[in-house]
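1. Give me a model of this one.
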Amino acid sequence: MSGASGTRTGLVEPGYRLRLDFRIERPGAGLREIMERLMAKIGIRTGGGVERAFSWASGALRLGASVMLAAACGVGLAPLAQSIHSAGGNDRGQIGDGATPVAATPILLPGLGPAKGVSAGDGFTVVLKEDETVWAFGRNLDGQLGNGSFFSTSAPVQVSGVSGIKQISAGRNHVLALGADGSVWAWGYNGSGLLGDGTTVSRSTPIHTLSLNTITKVAAGLAHSVALHQNGTVYTWGANYFGELGDGTTTGRLLPAPVPGLTDVVDIAAGGFFTLARRVDGTVWAWGANASGQLGDGTTTSRTSPVQVAGLSGVAALAAGYDHALAARMDGTAVQWGYGAGSTPVSVSGLSSVQSVAAGNKYSLFLDADGSIRGQGVNFYGQLGNGTCSSAASLGPVLAIAEAGLVAAGWDSAVAVDGVGEVWTWGSDSDGQLGAGRPTFRTSFAQISGAGSIVQAAGGASHSVALLSDGTVSSWGDNYYGELGIGDYAPSGTPLPIPGLSGIAQVAAGAYHTLALKADGTVWVWGYNYDSNRFPTQKTGLTQVVGVAGGGVFSLAVRSDGTVWGWGSNSQGQLGDGTTASTSVPVQAAGLTQATAVAAGTYHSLALRQDGSVWSWGYNPRGQLGDGTTTSRPTPGPVLGLPLPATAVAAGGHFSAALLTDGSLWLWGDNEDGQIGDGTTANRALPVEAAGLPHPVASVALGYAHALAVLDDGSLWTWGWNASGQLGQGNRTDAHAPVRVAGFGPASLAAAGANHSLLLKGGCSVSCSALVPASVLSGSPVNFSASASVSQCAGAPDFAWDFGDGSPPASGADVTHSYALEGTYTWTLTASADGVTCQRTGTLTVASCTLTCAASAPTLLNTGEPGAFSATAQVSAGCAAPSFAWDFGDGSGAATSASAHAYSGPGARTWTLTVTSGALTCTRTGIVTVVNPPSVTALAKKTNPFRVVVTGSNLQNGMQVFIGGTPHATVTYKSAAKVVLKGSTLKSLVPKGIPTLFRFVNPDGGWAEYTWTR
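-> Predicted structure coming up:
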């Protein structure tokens, strides 16, 4: 990139490849875990949501000259509590001490000059001094500083073993240098053969690039290298993803080879994935990636062989950025093409005497013949040097430098040499690439300046957020994805208030995103979480939320009805819906109810249930789910082995914690850095207690691989990974068991980012949650359940419930209330201690029950005859089950839906059925007539003619007789004691010797049966 190429990409762009080159130091670990951990510690950002912890290789930091960073972006004080303290990594300003990682105005590096050449890569800077030695500073994870080590440093170090150097060029993480004899030296990253030595082994000291001599210029691109031969031919090597080697293929090469058909070249430049060459006739040729039109041929089609930049001639100088290009013309004007400018060159207005150009990642610098520098484009890290971090579409001056002679643009920082050879730098200082000696970590807790009252804080990968007692929110640190919520992408080393955000009850931070829960139960999000916003935006589809958590690139919310919802990345099942499908729409965790709190790690999730059980789901190769296995699971399941119910849960990178009712702290999962706190570095698939940690613990916070615990007495204990001093112990040594932070206290509440820690010191704080159903039926009792935790308060919390229906408030953590009328009611929980309150609100919908019933009963019964009484009832869903009550009208009854009842005497009886459901009643009535039946004592046969004489009692005139079920019409009534059956068919109805059933029915309905054998 104009002598400086490199990338600090946020998301790998479509079609681009992300490549890692590293040494496996733990052969027993899985490849995925090693890659993920490496990415986490060195700061690589991916759309997959690797939560990273930064400044890992800064152990050899040497302080240079005492230079203050001037005009840092985002400096300003928010009304923060006078007792918030921080420690740990500060490469993005996340500890909030004002030591911002940005200089928006150039700063002088005294003693480094005189210089005659400069170049900038991704997080590091290279300087060629007048004595032809090479010096470098900044990131050194791949040996790009060339001093034989892999330790980053913010102070210049000399590149070993090279002298007599004429020109330098820095790529993303490798460097090319041209010797006086035309030979080429290279060092740094070599994963694609960038160094041209025939291998892919990275080098921390310079090596000769094979087969190259009589070279006149070198250019380092993002992942490829270019050299110009004195005969006018061009040699390329390294990666060839889009044809950037210009050989007609997309096959990479480990050794230099000439670009076919290209001659008479006098200048070269290497960009992101494309290459430029200027021929002696002043025309420009280009090849490689072209998605943004950076080849200037009027298309967006990538080219594997050189094509001429359209309509461009008379060019004097070239520069290639990540995806745009610049040219200075012999008449002093300048043109640009690619990102933001189009696919053919267009003039840059306002320039008439340009001497040279420099291109970075979407920003441009122009050096005028009078020594002034002007810039335009993206300016998130102050790389335009104009004193601000506001991007500019038009040219503006770079401040402070008089009579510049050279300028180079890196990924997000720039470097220049003034008229007397002094070196100036500006832009991002995330890895010490400005050379100002700014420490990128702090090993002991120090107070963050400000005033106000903080009640809660949270930390992300490299940013921090705080909730103030007035319900507003402040944030500081990195802002690459808009995670600060302030409307731009500029980082801040001091707290800034988030505009337009109020009424907040809780804040949470994911790796690169932030969440805020309002007291009304709505959730507001910003930053990168499978979607991106730089302003707080309400998350649709979520209401009545009582708690939130942010993970790697996903979020969790628990609602007042006890359900858990998640959205974002779901590659490891961390959303808990039984799938691995990522989504920006909240989905419910399967089968999980009565949850009161949630916690989120890099790829795993935890929930605390009302009964004190802990449930987990998601990624599990290190045992972070606590179920005794290392098998990942996309649905919630219980954590095993906790001896008591839990009161709080926390999730780190790949480990988990639970605070139990006795005040003990139990942890499980990844333990490579001792973060479990059991005195070992063995992973734990089941919970173990933190060794030697006194009881009771009041609160716990987990970072990527470190832990903090605040005890009831206000003492602070820390353990785990400590490369950036995040344990606050005054050193950078890991601790495998809890260690008390000496001289600090009383602490009230801790929070942890990936590799930094935040602590609230002193003062009472109250946090609370409520569990209330979302809908009920009128008249039904509703359970209202609350929990609260207090820190540094004199007494236990008090609870007050307002049910929203005009009824008197109720006190107590668990209460019951019934609503008489339909409607939607807003309830409010207030938990208070020492005058500090925590509120939660939600809505509850009350619907009415409906009840219908039916009864079946006899209308006529003999005295003593059992009658069948049965009932049915229907109630609306959710209503109380119906209960039944029968009144048979004779002083007796039954409490079942079906009953048999016999009456002891004749008469009309009125029966009543009553069905109840809650406060609802359904009634049915009817009349049953009870009569005395006839009594038959004997049947006798008479002949001539054939007849049957029936004797008995209560035989009524008009009686009906049925013989074998057939009615017999000829019945002669003699008296109440005698009737005679006659007729021609009678004999056939009563066959001789066969028992025959006779049924006698009186006119009043009474009946009797008698079996007779003739």
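2. hang on, residue 625 in a helix?
-> No. Going by DSSP: H, G, I helix; E, B strand; the rest coil, the assignment for residue 625 is coil, not a helix.
3. Excluding chain neighbours, what is closest to it?
-> Leaving aside its sequence neighbours, residue 625 sits nearest to residue 616 (CB to CB, 6 or more residues apart in numbering; 4.1 Å). Where C-beta positions appear, they are placed from N, C-alpha and C, glycine not excepted.
4. partners of the one you found in the sheet?
-> residue 606, residue 637 (DSSP bridges).
5. Look up the pLDDT of it for me, please.
-> For residue 616, the pLDDT comes out at 98.
6. pretty sure it is touching residue 606, no?
-> Yes. At 5.2 Å, residue 616 and residue 606 qualify as touching, with contact defined as CB atoms under 8 Å.
7. Tell me what the residue most central in space within the chain is bridged to.
-> Nearest to the geometric centre of the chain sits residue 554, at 2.0 Å (CA atoms, centre = their mean). Bridge pairing for residue 554 (DSSP bridges) gives the partners residue 568.
8. That one against residue 572, yeah?
-> No. Assessed by CB under 8 Å, residue 554 is found out of contact with residue 572, at 9.5 Å.
9. before we move on, the earlier item: quick one: contacts for the residue nearest to the centre of the chain?
-> Residue 554 makes contacts with 49, 510, 529, 530, 566, 567, 568, 569, 570, 574, 575, 600, as judged by CB atoms under 8 Å, 6 or more residues apart in numbering.
10. if we take these, which one ends up nearest to residue 916?
-> Closest to residue 916 out of the contacts of residue 554 is residue 566 (42.5 Å), distances taken as CB to CB.
11. Over to the residue lying closest to the closest one once chain neighbours are set aside. Which of the three states is it?
-> The spatially closest residue to residue 566, leaving aside those adjacent along the chain, is residue 575, at 3.8 Å (CB to CB, 6+ apart). In three-state terms, and counting by three-state DSSP, residue 575 is coil.
12. OK, contacts around the nearest residue to residue 950 once chain neighbours are set aside?
-> Leaving aside its chain neighbours, residue 950 sits nearest to residue 979 (4.9 Å; criterion: CB to CB, 6+ apart). By CB under 8 Å, 6+ apart, residue 979 lies in contact with 950, 955, 959, 961, 971, 972, 973.
13. top of those by neighbour count?
-> Compared across the contacts of residue 979, residue 950 has the highest neighbour count, 24 neighbours, by other CB atoms under 10 Å.
14. was I right about that residue contacting residue 976?
-> No. Contact criterion CB under 8 Å: residue 950 and residue 976 do not qualify, at 11.6 Å.
15. just for the stretch 251-400 of the chain, where's the confidence low?
-> The stretch 251-400 of the chain contains no residues with pLDDT under 70.
16. Residue 461: how many residues sit nearby?
-> For residue 461, the neighbour count with other CB under 10 Å is 34.
17. Pretty sure residue 512 is one of the things it touches, is it not?
-> Yes. With contacts defined as CB under 8 Å, residue 461 counts as touching residue 512 at a distance of 5.9 Å.
18. what sits in contact with each of those two?
-> residue 478.
19. So what would you say the end-to-end distance of stretch 784-801 is?
-> 8 Å (CA to CA, to the nearest Å).
20. Same check on stretch 135-145?
-> Stretch 135-145 stretches 8 Å from its first residue to its last (CA to CA).
21. for stretch 630-639, same thing?
-> One end of stretch 630-639 to the other measures 13 Å (CA to CA).
22. Now it: buried residues?
-> Residues of stretch 630-639 classed as buried: 630, 632, 633, 634, 635, 636, 637, 639 (neighbour count, 16 or more other CB atoms under 10 Å).
23. Quick check: residue 180 touching residue 132?
-> Yes. Using CB under 8 Å, residue 180 is in contact with residue 132, at 7.4 Å.
24. any common contacting residues for these two?
-> The contact sets of residue 180 and residue 132 overlap at 164, 165, 166 (CB under 8 Å, 6+ apart).
25. Many thanks, we can stop here.
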